[in-house]
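K.L.:
the following block contains a protein sequence and its predicted model.
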Amino acid sequence: MKPTHITIKDIARILGVSPSTVSRALKDHPDISEETRNLVKSFAEKVNYRPNALALSLRKQKSNTLGLVIPEIVHHFFSSVISGMEDLAYSEGYTLMICQSNENYHRELINIQALLDHRVDGLLVSISKTTRDFEHLHNAVNNGIPVVFFDRICDEVETDRVVTDDFEGARLATTHLIECGCRNILHLATTENLLIGKNRYLGYLQALENHNIPFNEEYVIKCDTREEVYAKRKQILALAPKIDGVFAVNDSTAISAMQVLQENGYHIPGDISVVGFGDGPIATIASPPLTTVEQKGYEIGREAVRMLIQRLESPNAQVDFQTRIVPPSLVKRKSTK
């Protein structure tokens with residue numbers, strides 16, 4: 001049986017007063033006697049009365065709810081982002097409504113429409129790997145919904161954004177491998193439509209160029225998940241005798257590559273040094289512990305929410321869209337020499 005939602009009219013009918021009296025008593029209006037206020041509040045508490053959030057938002061034209069679309073909740077980086085977002089949103093009087101695209105463009109589309117249907121005040125978005133059409137995001141912006149991109153952004157939609165300096169992080173990672181004596185470095189990359197993948201690839205190239213190491217196209221494999229590492233293990237193992245270093249686009253891929261190499265007799269880092277990107281908990285428990293680039297997801301999450309709330313609370317301010325870049329740092333462990 002569906003639970004009955006108690007309304008102000010129900011309380012008024014039961015107590016024999018007008019709905020306006022109930023409404024004003026709940027708000028501690030001075031025109032209502034203390035006796036009546038106490039009676040109304042006591043009864044409202046007894047029947048577990050809650051104001052209708054949708055009705056309140058319609059009256060205020062504001063729901064104090066932020067919509068979040070994220071590729072993968074289980075990913076450590078994104079869970080850290082959510083934690084930072086939720087902490088700041090809560091402290092500022094906002095709630096966070098979270099949707100997961102699961103790396104699927106069509107789910108991303110449906111998620112954003114669902115959030116808009118629930119009258120969120122603004123959107124926080126990290127696009128999926130398969131998103132190549134951005135009309136749904138254009139439509140949100142064109143309809144006056146503030147949007148902040150984080151981590152995975154697109155240049156086609158002009159909004160505020162918060163990112164890791166992916167280029168610099170990749171340059172740091174590859175430079176570290178070079179300083180460890182590596183000259184033939186395999187890059188396990190992600191899809192080209194993601195700017196994070198493009199920038200990490202460019203950072204890898206820049207480090208090679210800075211040290212006068214020729215680029216070898218053979219040493220770049222599109223492979224950014226554990227499943228893809230094992231699907232392409234023959235290609236990786238065919239290159240293994242030639243390479244002395246691996247820079248992977250994320251930690252999961254780096255650790256999976258280490259496992260494939262170790263299963264086939266290669267020592268890490270004795271034969272091949274490996275660096276990842278992300279610095280999630282798996283980096284510390286890998287064998288050997290993984291050298292990686294720290295992304296600072298919690299900080300990115302807080303900054304994205306701060307920027308969105310700033311837009312929401314100063315809607316008429318003529319401020320150019322901002323890009324906030326969070327600097328990465330290299331965390332050295334035992335997967336490199």
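P.N.:
Received the coordinates, thanks.

K.L.:
could you pull out the strands for the stretch 101-250 of the chain?
P.N.:
Ranges of strands in the stretch 101-250 of the chain, per DSSP state E, counting those that start in this stretch, are 122-125, 147-150, 160-164, 185-189, 220-222, 245-248.

K.L.:
those into CSV, with extra columns for distance to Leu290, mean neighbour count and mean pLDDT?
P.N.:
For the C-beta atoms, the positions are set from N, CA and C on the backbone; glycine is no exception. Formatted as CSV, the strands of the stretch 101-250 of the chain follow (distance: least, CB to CB, whole Å; neighbours: other CB atoms under 10 Å; pLDDT from 0 to 100):
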stretch, distance to Leu290, mean neighbour count, mean pLDDT
strand 122-125, 29, 27, 97
strand 147-150, 24, 26, 97
strand 160-164, 17, 25, 96
strand 185-189, 13, 25, 98
strand 220-222, 19, 17, 97
strand 245-248, 9, 28, 98
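
K.L.:
export these to JSON lines and tack on distance to Ser335?
P.N.:
Written out in JSON lines, the entries for the strands of the stretch 101-250 of the chain read as follows (distance: least, CB to CB, whole Å):
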{"stretch": "strand 122-125", "distance to Ser335": "33"}
{"stretch": "strand 147-150", "distance to Ser335": "28"}
{"stretch": "strand 160-164", "distance to Ser335": "20"}
{"stretch": "strand 185-189", "distance to Ser335": "14"}
{"stretch": "strand 220-222", "distance to Ser335": "18"}
{"stretch": "strand 245-248", "distance to Ser335": "9"}
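
K.L.:
how about those, which one is nearest Pro214?
P.N.:
Proximity to Pro214, assessed across those by CB to CB, is greatest for strand 185-189 (11.4 Å).

K.L.:
parallel or antiparallel, which strands does that closest one pair with?
P.N.:
Counting by DSSP bridges, the strands paired with strand 185-189 are strand 220-222 (parallel), strand 245-248 (parallel).

K.L.:
distance from the shortest one to the middle of the chain?
P.N.:
To tie it back to what came earlier, the one meant is strand 220-222. Using CA atoms, centre = their mean, to the nearest Å, we find the averaged C-alpha position of strand 220-222 to lie 24 Å away from the chain's own average C-alpha position.

K.L.:
so how far is Pro281 from Tyr298?
P.N.:
Separation of Tyr298 from Pro281 (CB to CB, to the nearest Å): 14 Å.

K.L.:
identify the contacts common to the two.
P.N.:
When contacts are counted by CB atoms under 8 Å, 6 or more residues apart in numbering, Tyr298 and Pro281 are jointly contacted by no residue.

K.L.:
domain ranges for this protein, per the record?
P.N.:
Under the assignment automatic domain parsing, the domains of the chain span 8-51, 64-164+297-327, 166-294.

K.L.:
pLDDT weak spots in the stretch 1-150 of the chain?
P.N.:
Counting by pLDDT under 70, the stretch 1-150 of the chain shows low-confidence ranges at 1-5, 51-61.

K.L.:
now the helices: where do they sit in it?
P.N.:
Counting by DSSP state H, counting those that start in this stretch, one finds helices in the stretch 1-150 of the chain at the ranges 8-15, 19-26, 34-46, 53-60, 76-91, 105-117, 135-142.

K.L.:
those helices: which one's closest to Gln262?
P.N.:
Using CB to CB as the measure, helix 76-91 is the one of the helices of the stretch 1-150 of the chain that comes nearest Gln262, at 22.3 Å.

K.L.:
now that closest one against strand 160-164, angle please.
P.N.:
In terms of direction (axes from the mean of the first three to the mean of the last three CA atoms, to 10 degrees), helix 76-91 departs from strand 160-164 by 140 degrees.

K.L.:
pull out the buried residues from helix 76-91.
P.N.:
Neighbour-count burial for helix 76-91, counted by 16 or more other CB atoms under 10 Å, picks out 76-82, 84-86, 88-89.

K.L.:
and if you look at stretch 116-131?
P.N.:
The neighbour-count criterion (16+ other CB under 10 Å) identifies 116, 120-131 as the buried residues of stretch 116-131.

K.L.:
quick check: closest non-adjacent residue to the residue most central in space within the chain.
P.N.:
If you average the C-alpha coordinates of the chain and look for the closest C-alpha using CA atoms, centre = their mean, you land on Phe78, 4.4 Å from that point. What sits nearest to Phe78 in space, not counting adjacent residues and going by CB to CB, 6 or more residues apart in numbering, is Ile70, at 5.1 Å.

K.L.:
next, the contact list for that neighbour, please.
P.N.:
By CB under 8 Å, 6+ apart, Ile70 lies in contact with 78, 81-82, 98-101, 126.

K.L.:
kindly report the same for Val331.
P.N.:
When the contact criterion is CB under 8 Å, 6+ apart, the partners of Val331 are 279, 283, 291-294.

K.L.:
ok so, going back, could I get the strands paired with strand 185-189 as a markdown table with distance to Ala254?
P.N.:
Rendered in a markdown table, the data for the strands paired with strand 185-189 read as follows (distance: least, CB to CB, whole Å):
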| stretch | distance to Ala254 |
| --- | --- |
| strand 220-222 | 13 |
| strand 245-248 | 4 |
